[in-house]
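Peer 1: predicted model and sequence below, questions to follow.
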Amino acid sequence: MDKNNLGSWGEQQAARYLRRRGYAILDMNYRCRFGEIDVIAKKRKFIVFVEVKLRKNDRFAEAREFVTRAKQERIISTAGLWLMENETELQPRFDVVEIYAPEGQKGRIKIEHIENAFE
């Protein structure tokens with residue numbers, strides 16, 4: 001399976017996970033000139049911009065560590081444009097969903113959800 005398909009699979013897993021926890025998915029793979037946001041969801045008073053990180057394991061580093069400061073800045077800029085296009089009274093929040101899939105799509109996965117991962 002190529003990297004793009006695996007990434008899409010991971011984003012679908014994250015969206016399913018969030019739905020089960022009461023989030024409404026508003027958009028996926030929102031792209032603009034600043035970058036991309038994997039999942040945009042809402043829950044209670046928050047509009048949540050989610051970066052999904054898929055890894056086989058966390059032996060080298062936790063998946064969240066790959067959301068660098070530069071990546072955070074691109075996500076924040078992209079979220080700003082989305083908010084200009086989609087008015088809302090909801091409070092923005094930036095989360096990271098880590099997915100660990102040691103056997104790829106065929107085996108068990110572990111999901112960690114880090115709320116308010118960066119500002």
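Peer 2: Good, I have the coordinates.
Peer 1: show me what the helix or strand of the chain with the lowest mean pLDDT is packed against.
Peer 2: In the chain, the helix or strand scored least confidently by mean pLDDT, DSSP states H and E is helix 3-20, which has a mean of 85. Packing contacts for helix 3-20, counted by 3 or more C-beta pairs under 8 Å, 6 or more residues apart in numbering; DSSP states H and E, involve strand 24-32, strand 35-43, strand 46-55, strand 91-100, strand 110-118. From N, CA and C alone the C-beta is placed, and that goes for glycine too.
Peer 1: what mean pLDDT does the fourth one get?
Peer 2: With pLDDT averaged residue by residue, strand 91-100 scores 94.
Peer 1: name the helices or strands packed onto it?
Peer 2: On a contact count with 3+ C-beta pairs under 8 Å, 6+ apart, strand 91-100 meets helix 3-20, strand 46-55, helix 69-85, strand 110-118.
Peer 1: re the thing from before, for residue 74, which of the helices and strands packed on helix 3-20 is the nearest?
Peer 2: Closest to residue 74 of these is strand 35-43 (C-beta to C-beta; 3.6 Å).
Peer 1: now the closest one: how far from the chain's centre is it?
Peer 2: 6 Å (C-alpha atoms, centre = their mean, to the nearest Å).
Peer 1: contacts for that strand?
Peer 2: 11, 14-15, 18, 21-30, 47-52, 71, 74-75, 77-79, 82, 88, 90, 97 (C-beta atoms under 8 Å, 6 or more residues apart in numbering).
Peer 1: show me which of those are buried.
Peer 2: Using 16 or more other C-beta atoms under 10 Å as the burial test, those include 11, 14-15, 18, 23, 25, 28, 30, 47-52, 74-75, 78-79, 82, 97 as buried.
Peer 1: was I right about residue 17 contacting residue 98?
Peer 2: No - judged on C-beta atoms under 8 Å, residue 17 makes no contact with residue 98 at a distance of 10.7 Å.
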